[in-house]
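> Here's a sequence, model it:
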Amino acid sequence: MIGAAPSPLSWFGIVRLGLVQTALGAVVVLTTSTLNRVMVIELALPAMIPGLLVAIHYAMQVLRPWLGHGSDVGGRRFAWIVGGMAVLAAGGLLAAVATALMASQLVLGLVVAVIAFIMIGIGVGAAGTSLLVLLAKRTAPERRSAAAAIAWIMMIAGFIVTTAVAGKALDPFSGERLILVSGTVSAIAMVLTLLGVWSIEQPEISAEASAAKAERGGFMEDFREICREPQARRFAIFIFVSMLAYSAQDLILEPFAGSVFGMTPGQTTQLSSVQHMGALIGMILMPALASLRADWRTRPQPWIIGGCLASALALLSLATAATVGPSWPLRGSVLLLGITNGVYAIAAIGAMMNLVSEGRDNREGTRMGLWGASQAISFGIGGFVGTAAADAARHFMPSTASAYATVFAAEAALFVLSAWLAIWIKRPRTQTSTLPAQPANQGA
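Sure thing, here's the model as predicted:
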């Protein structure tokens, strides 16, 4: 039996899938931000404890290729998205229970927290990988950059709404209230996920697809095959290097503003919000400008190169700010960094969605998992490398300002290297996608 290819998603369908990103963001930000603060402030635990727990969550991302392979074998992403979200939601609730438990039974609480953050890492990997594959396969090529922007903006919205609402709901603080708030967020995340993916997936049914699944090998065979694909390998290296540059400045921006510009904690927090606002502007700006020409919508490579080079210039402006001092317009440099990072990030995700079907068919989940693992590992390393480099530079440099200037310049160099690597990312094979042209009134 040969079935027709599923029709592409409407804008409403893309927004529906974006609800899953909102759900992911809501649970993750509560566990990596709010619980972090509770452990350090309310429980007076060393900051390294939540740091190590978050590192465990990143370490689990190495399983992304295996998790993606599982969705390839089954041919259905729905179960992996919903199942992954269920594991993530349960892990988020368990993390809150562990945090409350630490107040009276520290060792037991830590053991439970380790289990919880393992679940969080696995849940994010399973749901996030299959979600991106489903979004890529069901979105028309000219809409993929915009779809990536919508999904990531909705994830950031999940960050903002969750932290704002949970922050108010947690006062006055108690362990029981923390568990109640976390359980509520997890339940809402599950509802959003089901609303997002219900009836979205319409797998192709064809003799060719059935034959491909029948002859496929095991995970290691598929993984080695994908690693031998020049395009997949180059893109994984690009993702690793660019994400290292992207994430290395996260943990040093506020200390830099405090030590060099004399800003208070409240002022540096506001500075971070300027950067996040800039990232949102960049995420909206890139697909908006790309929509001006048809060929720009399907070619993210020039946007990646431009975003990387512009990010390098923004980091060099921060290096200059460290040298000049308080007379430099720091907020302008930070806003520019956010905008350029946002353009780079959305262009890179758009390229990821375009390239996931390059190579042998029915390996999309494994291929996306490889890139997702590269991104997560690099992001996990980036924060540590950035802070360690700043500490080392302060030790060897004549002043704190020159130390930060050196680190920002090094990160700029990484972005320039990323732009060079992006040159070798080939344009995807000519495709109007396996999706037919979308009627104007097409629904999701």
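
> Around Leu110, how many other residues sit close by?
Number of residues near Leu110 (other C-beta atoms under 10 Å) recorded here: 17. Just so you know, the C-beta spots here come from the backbone N, C-alpha and C atoms, and that holds for glycine as well.

> Was I right to think it contacts Ala95?
No. Contact between Leu110 and Ala95 fails when scored by C-beta atoms under 8 Å: they sit 11.4 Å apart.

> Test my guess that Ala136 contacts Glu364.
Yes. Here Ala136 reaches Glu364: they are 7.3 Å apart, a contact under C-beta under 8 Å.

> Spit out the residues that contact these two alike.
Shared contacts of Ala136 and Glu364 (C-beta atoms under 8 Å, 6 or more residues apart in numbering): Val356, Ser357.

> Poorly predicted segments of the stretch 151-300 of the chain, please.
202-217, 251, 265-266, 269, 294-298 (pLDDT under 70).

> switch the cut-off to 50
Filtered on pLDDT under 50, the stretch 151-300 of the chain yields the residue ranges 205-209, 211, 214.

> Show the contacting residues for Val82.
Ala127, Thr193, Leu194, Val197.

> helix or strand for the nearest residue to Glu42 once chain neighbours are set aside, which one?
For Glu42, ignoring the flanking residues on the chain, the nearest one in space by C-beta to C-beta, 6 or more residues apart in numbering is Phe173 at 5.9 Å. Using DSSP states H and E, Phe173 sits in no helix or strand.

> Look at Phe173 and say how many residues are nearby.
If you count neighbours by other C-beta under 10 Å, Phe173 ends up with 10.

> do the same with Pro46
Using other C-beta under 10 Å, Pro46 has 10 other residues around it.

> Backbone dihedrals for it, please?
phi -60, psi 140 (degrees, to the nearest 10).

> ok, so what distance separates it from Ala248?
Distance of Pro46 to Ala248, given as C-beta to C-beta, to the nearest Å: 23 Å.

> how about the helices in the stretch 151-300 of the chain?
Along the stretch 151-300 of the chain, counting by DSSP state H, counting those that start in this stretch, helices occupy 175-197, 207-215, 219-227, 230-248, 253-261, 265-290, 294-297.

> where does the stretch 301-444 of the chain dip in pLDDT?
Per-residue confidence for the stretch 301-444 of the chain (pLDDT under 50) gives these ranges: 428-444.

> all helices of it, in order?
301-324, 330-355, 364-396, 400-423.

> closest to Ile226 out of the ones you listed?
Among those, helix 364-396 comes nearest to Ile226, with 5.3 Å by C-beta to C-beta.

> For that closest one, enumerate the helices and strands it packs against.
Judged by 3 or more C-beta pairs under 8 Å, 6 or more residues apart in numbering; DSSP states H and E, the packing partners of helix 364-396 are helix 48-59, helix 64-74, helix 106-138, helix 219-227, helix 230-248, helix 330-355, helix 400-423.

> mind running it again at 7 Å?
Counting contacts by 3 or more C-beta pairs under 7 Å, 6 or more residues apart in numbering; DSSP states H and E, helix 364-396 is packed against helix 48-59, helix 64-74, helix 106-138, helix 219-227, helix 230-248, helix 400-423.

> Go through those helices and name the closest to Ser145.
helix 106-138 (11.5 Å).

> So for that closest one, what gets flagged as buried?
Neighbour counts over helix 106-138 (16 or more other C-beta atoms under 10 Å) mark 109-110, 112-113, 116-138 as buried.

> Same question for stretch 30-41.
Leu30, Thr31, Thr32, Ser33, Thr34, Leu35, Asn36, Val38, Met39, Val40.

> do stretch 187-199 as well
Under the neighbour-count criterion of 16+ other C-beta under 10 Å, stretch 187-199 has Ile188, Ala189, Met190, Leu192, Thr193, Leu194, Gly196, Val197 buried.

> Tell me the one among those nearest to Ser10.
Gly196 (14.0 Å).

> Leaving out sequence neighbours, find the closest residue to that closest one.
Nearest residue to Gly196 in three dimensions, chain neighbours excluded: Leu19, at 3.7 Å (C-beta to C-beta, 6+ apart).

> Between the helices and strands packed on helix 364-396, which one is closest to Gln267.
Between these, helix 400-423 lies closest to Gln267; by C-beta to C-beta that is 16.8 Å.

> just checking, what packs against that closest one?
Using 3+ C-beta pairs under 7 Å, 6+ apart: helix 400-423 touches helix 230-248, helix 253-261, helix 301-324, helix 364-396.

> Can you convert the buried residues of stretch 30-41 into TSV and add a column each for pLDDT?
Output for these, formatted as TSV (pLDDT from 0 to 100):
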residue	pLDDT
Leu30	87
Thr31	87
Thr32	79
Ser33	77
Thr34	80
Leu35	85
Asn36	79
Val38	85
Met39	86
Val40	79
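
> So which of the residues you listed are in helices?
Leu35, Asn36 (DSSP state H).

> Now tabulate the buried residues of stretch 30-41 in TSV and tack on distance to Ala290.
Shown next, in TSV, are those (distance: C-beta to C-beta, whole Å):
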residue	distance to Ala290
Leu30	33
Thr31	34
Thr32	31
Ser33	32
Thr34	36
Leu35	38
Asn36	36
Val38	41
Met39	42
Val40	42
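
> can you tell me which of the buried residues of stretch 30-41 lies nearest to Val416?
Thr32 (29.9 Å).

> follow-up on the earlier one: could you dump the contacts of Val82 to TSV with distance to Ala373?
Shown next, in TSV, are the contacts of Val82 (distance: C-beta to C-beta, whole Å):
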residue	distance to Ala373
Ala127	15
Thr193	22
Leu194	27
Val197	23
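
> most packed of the helices of the stretch 151-300 of the chain?
Here the criterion is mean neighbour count by mean count of other C-beta atoms under 10 Å, and of the helices of the stretch 151-300 of the chain the winner is helix 230-248, at a mean of 21.

> helices or strands up against it?
Partner elements for helix 230-248 (3+ C-beta pairs under 7 Å, 6+ apart): helix 330-355, helix 364-396, helix 400-423.

> can you give me how far the shortest one is from the chain middle?
Going back to what we said before, that points to helix 400-423. Once both centres are worked out by C-alpha atoms, centre = their mean, to the nearest Å, helix 400-423 turns out to sit 21 Å from its chain's centre.

> Hmm, Ile122 is touching Ala59, no?
No. Ile122 is beyond contact range of Ala59, at 10.6 Å (criterion: C-beta atoms under 7 Å).
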